[in-house]
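> please work out how this folds:
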Amino acid sequence: MKFKQLLLSLGLLCYLGVKAQGWNADLGNGKYKNPILHVDYSDPDVCAGKEGYYMTASSFNSIPGLPILHSKDLVNWQLVGYALQNQFPIEHYRTVRHGDGVWAPSIRYHNGEYFIYWGDPDFGIYMVKTKNPEGVWEEPVLVKEAKGIIDTCPFWDEDGKAYLSYAFAGSRANVKTVLMLSELTPDGTKLIGNAAMVFDGHNGHTTVEGSKMYKRDGYYWIMAPAGGVKPGWQLAMRSKNVWGPYESKIVLHQGNTVMNGPHQGGYVETPNGDGWFIHFQDRWAYGRVVNLQPVTWKDNWPIMGIDSNKDGIGEPVLEWTKPNVGKNYPATPLVSSDEFDGHQLGLQWQWQANQDPAKHWGWSSANLGFMRLNCIPRDENTNTMWMSPNLLLQKFPGDNFTATAKLTFENNPEAGVSSSGLIVFGEDYSYIAIEQDKTGNLNLVQRTMKNARTVKEGEKDIASVLINKKEVQLRAKVEMIQNKEPFDARVTFYYSIDGKNFKKLGDSFKPVAGRWVGAKIGLFATGTKAVNDSSYADYDWFRVEGN
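Numbers count the residues shown, from 1 in each chain. Next up, the predicted model:
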């Protein structure tokens, strides 16, 4: 963009303000509402660091991976970077591996360094570390080569010894519902000695996993979810000896609330000693959104949330007083809009796999003011987007929102059928796109794909309209139509050729989750013919407004 256009765009964003950036949990009166992030940050973990609090979450096959979020008050979070720029092993993850990769990481601050551990269910236990969590992280270290080990968490004791807890993925290991403990070298790079089972959940706590280790008031603590993602609960286990035996207690469950499956997360304390628990709740197409619960201690057991019916088990709160961190911080909803005015993509964007150096999906254009996506041919053996690595996606930024993208499509008649547009992606997906057909005409199309993971027949044509204009604005309106389980949503697509009047295209679409992740929204470009100069789309901006 030119300078005047840049000022206008910045002015627009200032005008839209918080509304442009989606979900806002800070109520502005000293209280917050749950979820604190209506965004799919699955299996969150948190630690206190030098400058506030840092959180990471499962990123599975998306790249960059291991998101790093920062907060000063545990309510308002900013995405500040990623610990993984490539998924390891790099060549393996150049292919889309839905649901594989980074499972349930743990983040810890120890001796001036930040450590993240995760289990890749197919390759083993990995660790990355850094002294600056908002900067560059070192390359991953394979702590233990293994199959089926997941949900790893490190713990350093006062005597200098280190330990790692973990669980098993039944789909790979053929065992699950137990928690293991192994000694770890003090530098955190290798497991040593024999691993031992420290908790067996087969008697009432099926699918226990996601363990986190702490030490408090002379007890070793293992906190872990059980019971499965949507119906599950949170356990706390304590012992005076790190190897157990551990006594256990349910400390958080749904109870009489509307919050299903409140579990799997991380415990942290503020400087004044108050306890807080960050966890997820599965909201179907919206993914696993992030909640914050106050933690009180009774008889040296935690109660997460509030014990409203006096059964000794916490139930989640929907609204509560913000943590007392000694200062009031302003609301900082996560950024989801992008003006594409810099040389770096916004942190909200992720690809579906490691980039292949032989395939040039697209680039930021530095100060030219747009994002270019190239219509490179998709794999000739596929007729769906499911295995396309070059989808530029971000998580749903809230429950109700509208996303609009402005693009200019430059078509090469020799490139064959080529298209680019706005996609809502999951195991079912749908998109609106500008497409060059076999005759060279430009059409707007809507297509939908059902059961993309298992069905191979191809996408269904929903609507098409001839426009023969290269510049167009595409819009997706996402609406929550049921705000209780099962959470349900609707997506409607629109287009405009003058930037003012928008017309609906095609049919509304019901988004569904992906493989262990919520539905995503973003951009794509694809072609059908290899030529030396593909068609391409220049995206001027991508703007999100709350409905």
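> where does the protein have low pLDDT?
Where the chain drops to pLDDT under 70, the residues are 1-21, 547.
> mind jotting down where the helices sit in it?
3-16, 170-173 (DSSP state H).
> can you pull the buried residues of the shortest one?
For helix 170-173, a neighbour-count test (16 or more other Cβ atoms under 10 Å) marks nothing as buried. (C-beta placed from N, C-alpha, C; glycine too.)
> cool, stretch 463-470 as well?
Across stretch 463-470, burial judged by 16+ other Cβ under 10 Å covers residue 463.
> end to end on that stretch, go ahead and measure it.
End-to-end distance of stretch 463-470: 19 Å, with Cα to Cα, to the nearest Å as the criterion.
> other residues contacting it?
Stretch 463-470 has contacts (Cβ atoms under 8 Å, 6 or more residues apart in numbering) with 408-411, 434, 441-446, 497, 505-507.
> the strands in the stretch 1-150 of the chain, which residues?
With DSSP state E, counting those that start in this stretch as the criterion, the stretch 1-150 of the chain has strands at 31-33, 45-49, 52-56, 65-71, 77-84, 103-110, 113-120, 124-130, 141-145, 149-156.
> now the third one: how far from the chain's centre is it?
Going back to what we said before, that points to strand 52-56. Counting by Cα atoms, centre = their mean, to the nearest Å, strand 52-56 is centred 15 Å from the centre of its parent chain.
> and it, what's buried?
53-56.
> how about the contacts of stretch 463-470, which pair is most distant?
Greatest spatial distance in the contacts of stretch 463-470: 410 and 507, 29.1 Å, computed using Cβ to Cβ.
> who's more crowded, the two?
residue 410 (17 against 13; other Cβ atoms under 10 Å).
> take the strands of the stretch 1-150 of the chain and lay them out in JSON lines including distance to residue 347.
Below are the strands of the stretch 1-150 of the chain laid out as JSON lines (distance: least, Cβ to Cβ, whole Å):
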{"stretch": "strand 31-33", "distance to residue 347": "23"}
{"stretch": "strand 45-49", "distance to residue 347": "18"}
{"stretch": "strand 52-56", "distance to residue 347": "13"}
{"stretch": "strand 65-71", "distance to residue 347": "8"}
{"stretch": "strand 77-84", "distance to residue 347": "5"}
{"stretch": "strand 103-110", "distance to residue 347": "17"}
{"stretch": "strand 113-120", "distance to residue 347": "17"}
{"stretch": "strand 124-130", "distance to residue 347": "16"}
{"stretch": "strand 141-145", "distance to residue 347": "24"}
{"stretch": "strand 149-156", "distance to residue 347": "25"}
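> for residue 531, find the nearest of those.
Closest among the strands of the stretch 1-150 of the chain, using Cβ to Cβ: strand 65-71, at 32.7 Å.
> tell me the angle of that closest one relative to strand 113-120?
If you take axes from the mean of the first three to the mean of the last three Cα atoms, to 10 degrees, strand 65-71 sits at 140 degrees to strand 113-120.
> so what strands line up beside strand 65-71?
strand 52-56 (antiparallel), strand 77-84 (antiparallel) (DSSP bridges).
> could you dump those strands into JSON lines with distance to residue 428 added?
Output for the strands paired with strand 65-71, formatted as JSON lines (distance: least, Cβ to Cβ, whole Å):
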{"stretch": "strand 52-56", "distance to residue 428": "28"}
{"stretch": "strand 77-84", "distance to residue 428": "27"}
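> just so I know, which of those lies nearest residue 41?
Short answer: strand 52-56, nearest of these by Cβ to Cβ, at 7.4 Å.
> okay, and the beta partners of residue 163?
According to DSSP bridges, beta-bridge pairing links residue 163 with residue 155, residue 183.
> just checking, it touches residue 180?
No: using Cβ atoms under 8 Å, residue 163 is not in contact with residue 180, being 10.5 Å away.
> look at those two and report which has more neighbours.
residue 163 (20 against 17).
> please tell me how far the more buried one sits from residue 341.
47 Å (Cβ to Cβ, to the nearest Å).
> ditto for residue 383
For residue 383 relative to residue 341 (Cβ to Cβ), the value is 36 Å.
> ok, those two, which is more surrounded?
Using other Cβ under 10 Å as the criterion, residue 383 and residue 341 rank with residue 341 on top: 20 against 14.
> how about that one: what's its closest non-neighbour residue?
residue 369 (5.3 Å; Cβ to Cβ, 6 or more residues apart in numbering).
> so for residue 228, which of the strands paired with strand 65-71 sits nearest?
Of all the strands paired with strand 65-71, strand 52-56 comes closest under Cβ to Cβ, at 22.7 Å.
> for that closest one, which outside residues touch it?
With Cβ under 8 Å, 6+ apart, strand 52-56 has contacts from 41, 44-47, 66-74, 77, 83, 105, 107, 109, 114, 116, 133, 266, 268, 278.
> mind running it again at 7 Å?
Strand 52-56 is contacted by residues 44-47, 66-72, 74, 77, 83, 105, 107, 114, 116, 133, 268, 278 when judged by Cβ atoms under 7 Å, 6 or more residues apart in numbering.
> next: stretch 177-192.
For stretch 177-192, the external contacting residues (Cβ under 7 Å, 6+ apart) are 115, 127, 141, 143-144, 154, 160-168, 193, 195-202, 206-208, 211, 222, 224, 243.
> narrow those residues to those in strands?
The strands, defined by DSSP state E, take in 115, 127, 141, 143-144, 154, 162-168, 193, 195-200, 222, 224 from the contacts of stretch 177-192.
> residue contacts, residue 40?
By Cβ under 7 Å, 6+ apart, the neighbours of residue 40 are 286-289, 395-396, 517-518.
> distance to residue 333 and neighbour count added to those, as JSON lines?
Below are these laid out as JSON lines (distance: Cβ to Cβ, whole Å; neighbours: other Cβ atoms under 10 Å):
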{"residue": "286", "distance to residue 333": "16", "neighbour count": "25"}
{"residue": "287", "distance to residue 333": "17", "neighbour count": "26"}
{"residue": "288", "distance to residue 333": "19", "neighbour count": "27"}
{"residue": "289", "distance to residue 333": "14", "neighbour count": "27"}
{"residue": "395", "distance to residue 333": "13", "neighbour count": "28"}
{"residue": "396", "distance to residue 333": "13", "neighbour count": "27"}
{"residue": "517", "distance to residue 333": "21", "neighbour count": "23"}
{"residue": "518", "distance to residue 333": "18", "neighbour count": "23"}
